[in-house]
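Student: Below: sequence and its predicted model.
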Amino acid sequence: MLEPIKISEFKSGHWVKQSGYKAFIPTKINRQWLIDNPEVEVLIAQAHQKLGELNAFSELVPDVSFFIKMHIAKEATLSSRIEGTQTSVEEVFLSSEDIRPEERNDWEEVQNYISAMKFAVQTLDELPLSNRLIRETHKRILQGVRGQNKHPGEFRSSQNWIGGASLTDAVFVPPPQHEVLELMSDLEKFLHNDYIFIPELVRVAIAHYQFETIHPFLDGNGRIGRLLIVLCLVSKGLLVRPSLYISAFFQEHRAIYFDNLSGVRNNHNMIQWLKFFMVGVIQTAESSVATFRKITFLKQELELKVSKLKSKQANTRKLLHYLFSQPVVTAKDVVKLLDTTKPTANNLLKEFTRIGILKEKTGYRRNRVFSFFEYLALFEQK
């Protein structure tokens, strides 16, 4: 193994001249790292503590899978929004026929992201976090949507770039295609090298930076790179459940996020990137715990509310329970859920609307859509 490197002395890589532009080849990362900055050390400790609190809380919350499903929906919309896709958390739960034709492409991209995320997290039980899993996940993200012609599931065999209309005016040009396989192999080894003794959150932060710098696919790199963070946290045991998604923090501080990635490449400033990443973990974990608490209180409050309805209690409880996993519903959904008649379903929806649990969104007399608005508001971007 190479000599240990202090993060304060890290050299990020070098530029190579190509035809009319320069491409950046990052330093390989599968080596021992020494954290020699006290401020970074303090933030690392705080971030690990906050993850511990989030894990403890997620273990105590009943029906936590419902809440995680909502976090996944939020992550999918925000991670895609960074790439320019505009879909709300509420729209995630609509069926395709309820989405306006001009918005359907964005909706399909978010649905793909959710599907890919679920696949990747579940597959970790059978397959280690690897380039193979990354490629399989990438294939699902681009299936049937914009970018489907850019070789989904395959590392690129041509040069790409970030920003600008062409290579000559690009904001950043990643390494040439012939460097990608070796760099991704190094990244994979780094993720699994048990002889690198650093806090696992540092490993995750460096891995995300390196992936975004390699930019191994022709399209979808940002989404995969952010998903990689979750997969690392789960595979390393830092998250008991996939309950922390950092895209909201990156979206809120989007310019700073990109500046800090560029700061590593251009100025070798790994320290600032690690600080930013740890603050993101701290704030996101705190936000997730706060959301879990609000959901728990809301559930208790609404259970008391529906217990006073005259409708059949088994039906009211079952519908309320269902809304926490499917917060946008139609009468058809309720008929299927309760195995009942349409008039009964409509009456129950009317009761839930009357007591302020649901709002009718469409204004149509037929095919009306109802929203569990107070719950959704907890996950919409502030």
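Tutor: Nice, I can see it. Residues are numbered from 1 along each chain as shown.

Student: which residue ranges form the helices in the stretch 101-250 of the chain?
Tutor: 104-123, 131-141, 180-192, 200-214, 221-235, 247-252 (DSSP state H, counting those that start in this stretch).

Student: And those helices: which comes nearest Arg156?
Tutor: helix 180-192 (6.2 Å; CB to CB). Using the backbone N, CA and C atoms, a C-beta is placed for each residue, glycine as well.

Student: what mean pLDDT does that closest one have?
Tutor: Averaged across helix 180-192, pLDDT comes to 97.

Student: How about stretch 284-302?
Tutor: Stretch 284-302 shows a mean pLDDT of 90.

Student: What of stretch 37-53?
Tutor: Mean pLDDT, stretch 37-53: 97.

Student: now it: how far from the chain's centre is it?
Tutor: Distance of stretch 37-53 from the chain centroid (CA atoms, centre = their mean, to the nearest Å) equals 21 Å.

Student: Check what contacts that stretch and list those residues.
Tutor: If you take CB atoms under 8 Å, 6 or more residues apart in numbering as the criterion, stretch 37-53 is touched by 7-8, 35, 199, 201-202, 233, 238-239, 244, 271, 274-275, 278-279, 281-282, 285-286, 289.

Student: Apply 6 Å and report the result again.
Tutor: Here stretch 37-53 makes contact (CB atoms under 6 Å, 6 or more residues apart in numbering) with 35, 199, 201, 238, 271, 274-275, 278, 281-282, 285.

Student: circling back: closest one to Glu90 among the helices of the stretch 101-250 of the chain?
Tutor: Counting by CB to CB, Glu90 lies closest to helix 104-123 out of these; the figure is 11.3 Å.

Student: Can you lay out the helices of the stretch 101-250 of the chain as TSV showing distance to Glu3 and mean neighbour count?
Tutor: Output for those, formatted as TSV (distance: least, CB to CB, whole Å; neighbours: other CB atoms under 10 Å):
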stretch	distance to Glu3	mean neighbour count
helix 104-123	34	20
helix 131-141	26	20
helix 180-192	16	18
helix 200-214	17	23
helix 221-235	25	23
helix 247-252	33	21
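
Student: would JSON lines of those helices with distance to His71 be doable?
Tutor: Shown next, in JSON lines, are these (distance: least, CB to CB, whole Å):
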{"stretch": "helix 104-123", "distance to His71": "10"}
{"stretch": "helix 131-141", "distance to His71": "18"}
{"stretch": "helix 180-192", "distance to His71": "23"}
{"stretch": "helix 200-214", "distance to His71": "18"}
{"stretch": "helix 221-235", "distance to His71": "10"}
{"stretch": "helix 247-252", "distance to His71": "10"}
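
Student: Can you say which of those helices is nearest to Glu351?
Tutor: Nearest of the helices of the stretch 101-250 of the chain (CB to CB): helix 104-123, 30.1 Å.
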